[in-house]
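Student: Sequence and predicted structure below; questions after.
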Amino acid sequence: MARSSIISHPLSRRQILKGGAALGLGSAAAMGLTPAWANPWGRTNVYAQGVEEGPEVSLAIRRESHPIDGQEATPITINGTSPGPMIRLQEGQDAVLRVTNLLDEPTSIHWHGLILPPEMDGVPGVSFAGIAPGETFTYRFPVRQNGTYWYHSHSGMQEQLGHAGPLIIDAAEREPFRYDREHVLLLTDWTFEDPMSVFRNLKTMEGYYNFQERTIADFFADVREKGFAQTAEMRGMWAQMRMSSRDIADVTGSTYTYLLNGHSSQENWNALFKAGERIRLRVINGSAMSFFDVRIPGLKMTVVAADGQPVQPVPVDEFRIGVAETYDVLVSPEDDRAYTIFAESMDRSGYARATLAPREGMQADIPERRQIADRGMEAMAAHGMGGMDHSNMAGMDHSGMSNMEGMDHSNMPGMSSDDAGMEGMDHSNMGGMPGEQAKIGENGLLVAGEAQPGSRYDQAGIGIDPNERRVLVYRDLKAFTPWPDRREPGRELELHLTGNMERYMWSFDGKKFSEVTGPIHFVKDERLRLILVNDTMMEHPIHLHGMWMELENGQGELIPRKHTLNVKPGERVSALITADAEGSWAFHCHLLYHMDAGMFRVVQVS
């Protein structure tokens, strides 16, 4: 990393205030901390209020007092707003983004989904030193893509404190779909607790935030539906594993306030339109831990992009968006009426909502809430297939967790190795999972673009009834055009997603990041297949920095590119990767507390 990118001398208070004025902090404070890009009228071809336009952008990061859902809070702000400003770049530009740290701890910004040099990726301890208090770091990189992305901190748990914002890259050439207006919808989850307290609670007690456990009434309802013997057997199996069938989300609405563009549901943020317009909604899941099911009752949505990349249009009524994913959808409201944008958490413990309307102040009915679902046999099988014995975990020491304040993801301090016994997990029976019929090529590997046996790309996931409405599934995603590298993979790399919910330990292949001795190695310019096998009973959105993952969802040469793949419990998925990005790259689960608990690795391309 070039030291010229860092101004290492500390800033005086006078300089900070002067710099803040130059960065527009005064005007931001005058209008409050709501992001100006979340303007009700959104953006047309002539409207761009509240946007930091590239190629040169200056950002200042600080903590500020700011009400969230009517309560006083102190989120991390960027240029005086929370969430941070929308950064808008143009494909073909050379971006220059100067980030000044006004916090009293190190910080960073990772440009999620962008293909750029490793030293500009923004992960402390991987190929970047972080930004010390009082310093300015200048990110410089060519913009070689377009679409809907976002940015966030990769330092400690700052992402949970609101350190995030949307990143939109306008295409250099005409896009394959037309629209009249756009709105950016950034979904986040906010807690008034200290994130480190949340982490300690998860480590201390499985299900700490789950207030939707099964009741006696549920038991008798199951007996009526399934009979006493089957119900008792299932209850006994869950009890034997010391797990709950309702472990859907680790952190729930019992502590989270779900926000849309920084607004709670009570505040009813409005996205305005004129009748007859075609509107592009850029939906970003910038939350720390929450999956959302998004729908607009009364309006059909057409999915036209996934993770910033165009896909062939898919008309849907609802889609599930995993943490860190983005989807672009088109809607065409014809009537002079309001529509509810409804984003329900996957565990049904809460929701975010806004209103799409022709006039400010309007609102529509909020849909009836769905009941929490129960984990099924897939999750139970995943848990059993790991072969993990919880009995040797009882002596784990949690006292070191208090020293994890401000940790970055490069060294995961405070982790003990009490779960070393997880290395011996038997994964051999994973190959027998039901799913796709394998098609083997001449090199003995699965044919490129074909779905792996054990994948469930035709299922949206837990809590979704496919008969209730048309829901997007991974199988639907088809690239608009074939990707340039058409080579068959030369080798396969299989990784297992592993963990222990009871002791809240997460890992790859049974080893936390603090226990591994070196990086995962990709050979420069090789074509490989990455296979991810989820041996846990939780969903994991897996993110690879620096390179695309081409999801092998059965669409042949039109398989879609993604930067984040959601892997369901017990599922086996695969992606093709062209290892054309030399250097060191982060690879991790994008559930923040899973990553900090050890589900993190470094990929070295050389």
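Tutor: In hand now; what should we look at?

Student: Could you find the closest non-adjacent residue to Arg178?
Tutor: Distance criterion Cβ to Cβ, 6 or more residues apart in numbering; nearest residue to Arg178, sequence neighbours excluded, is Arg278 at 6.8 Å. Every residue, glycine included, has its C-beta placed from N, CA and C.

Student: backbone phi and psi for the one you found, please?
Tutor: phi -100, psi 130 (degrees, to the nearest 10).

Student: Which stretches in the stretch 351-500 of the chain count as strands?
Tutor: Under the criterion DSSP state E, counting those that start in this stretch, the stretch 351-500 of the chain contains strands at 351-357, 491-500.

Student: and these as TSV, adding mean pLDDT and mean neighbour count?
Tutor: Output for the strands of the stretch 351-500 of the chain, formatted as TSV (pLDDT from 0 to 100; neighbours: other Cβ atoms under 10 Å):
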stretch	mean pLDDT	mean neighbour count
strand 351-357	97	23
strand 491-500	96	19
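
Student: sorry, back to before: verify the stated contact: the residue nearest to Arg178 with Ser332.
Tutor: Yes: contact criterion Cβ atoms under 8 Å: Arg278 and Ser332 qualify, at 5.0 Å.

Student: which non-adjacent residue is nearest Gly583?
Tutor: In space, Gly583 is closest to Pro118, 3.3 Å off (Cβ to Cβ, 6+ apart).

Student: didn't that neighbour look like it was pressed against Trp585?
Tutor: Yes: in this structure Pro118 lies within contact range of Trp585 using Cβ under 8 Å: 6.3 Å.

Student: Find the residues that touch each one of those two.
Tutor: Taking Cβ atoms under 8 Å, 6 or more residues apart in numbering as the criterion, Pro118 and Trp585 both touch Val126, Ser127, Gly546.

Student: can you give me the end-to-end distance of stretch 591-602?
Tutor: 17 Å (Cα to Cα, to the nearest Å).

Student: quick one: that stretch to chain centroid distance?
Tutor: Relative to its chain's centre, stretch 591-602 lies at 12 Å (Cα atoms, centre = their mean, to the nearest Å).

Student: And for the closest residue in space to Ala373 that isn't next to it in sequence, the neighbour number?
Tutor: Leaving aside its chain neighbours, Ala373 sits nearest to Gly463 (3.9 Å; criterion: Cβ to Cβ, 6+ apart). By other Cβ atoms under 10 Å, 19 other residues sit near Gly463.

Student: Tell me who's in contact with Gly463.
Tutor: Ile248, Asp293, Met346, Asp347, Arg348, Arg370, Ile372, Ala373.

Student: what's the answer for Pro67, then?
Tutor: Ala73 are the contacts of Pro67 under Cβ under 8 Å, 6+ apart.

Student: so it is in which element?
Tutor: Taking DSSP states H and E as the definition, Pro67 sits inside strand 66-68.

Student: Just the strands from the stretch 151-300 of the chain, written as ranges.
Tutor: Using DSSP E, counting those that start in this stretch, strands in the stretch 151-300 of the chain cover 164-170, 181-191, 256-260, 269-272, 279-285, 292-295.

Student: Gly80: which of the ones you listed is closest?
Tutor: For those, proximity to Gly80 was assessed by Cβ to Cβ; strand 164-170 is nearest, at 12.0 Å.

Student: So what's the gap between the closest one and the chain middle?
Tutor: Distance of strand 164-170 from its chain centroid, counting by Cα atoms, centre = their mean, is 14 Å.

Student: Could you tell me which residues within that strand count as buried?
Tutor: Residues of strand 164-170 classed as buried by neighbour count (16 or more other Cβ atoms under 10 Å): Ala164, Gly165, Pro166, Leu167, Ile168, Ile169, Asp170.

Student: correct me, but Arg320 touches Val471?
Tutor: Yes: look at Arg320 against Val471 with Cβ under 8 Å: they come within range, at 7.3 Å.

Student: on that earlier part again, turn the contacts of Gly463 into TSV, columns for neighbour count and pLDDT.
Tutor: Formatted as TSV, those follow (neighbours: other Cβ atoms under 10 Å; pLDDT from 0 to 100):
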residue	neighbour count	pLDDT
Ile248	26	92
Asp293	21	98
Met346	22	96
Asp347	23	95
Arg348	20	96
Arg370	14	93
Ile372	21	89
Ala373	17	85
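
Student: Next, format the residues you listed as a markdown table and append distance to Met301.
Tutor: Formatted as a markdown table, these follow (distance: Cβ to Cβ, whole Å):
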| residue | distance to Met301 |
| --- | --- |
| Ile248 | 24 |
| Asp293 | 12 |
| Met346 | 18 |
| Asp347 | 23 |
| Arg348 | 21 |
| Arg370 | 18 |
| Ile372 | 25 |
| Ala373 | 23 |
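
Student: low-confidence ranges in the stretch 51-200 of the chain?
Tutor: Within the stretch 51-200 of the chain, no stretch has pLDDT under 70.

Student: Could you tell me which residues touch both of Arg278 and Ser332?
Tutor: With Cβ under 8 Å, 6+ apart as the test, Arg278 and Ser332 reach no residue in common.

Student: Direction included, what does the strand holding Pro67 pair against?
Tutor: strand 71-73 (antiparallel) (DSSP bridges).

Student: for whichever helix or strand comes after the strand it pairs with, packing partners?
Tutor: Counting by DSSP H and E, the element after strand 71-73 in chain order, helix or strand, is strand 76-78. The contact analysis (3 or more Cβ pairs under 8 Å, 6 or more residues apart in numbering; DSSP states H and E) places strand 76-78 against strand 56-63.

Student: Run the angle between the strand it packs on and strand 164-170 for me.
Tutor: If you take axes from the mean of the first three to the mean of the last three Cα atoms, to 10 degrees, strand 56-63 sits at 170 degrees to strand 164-170.
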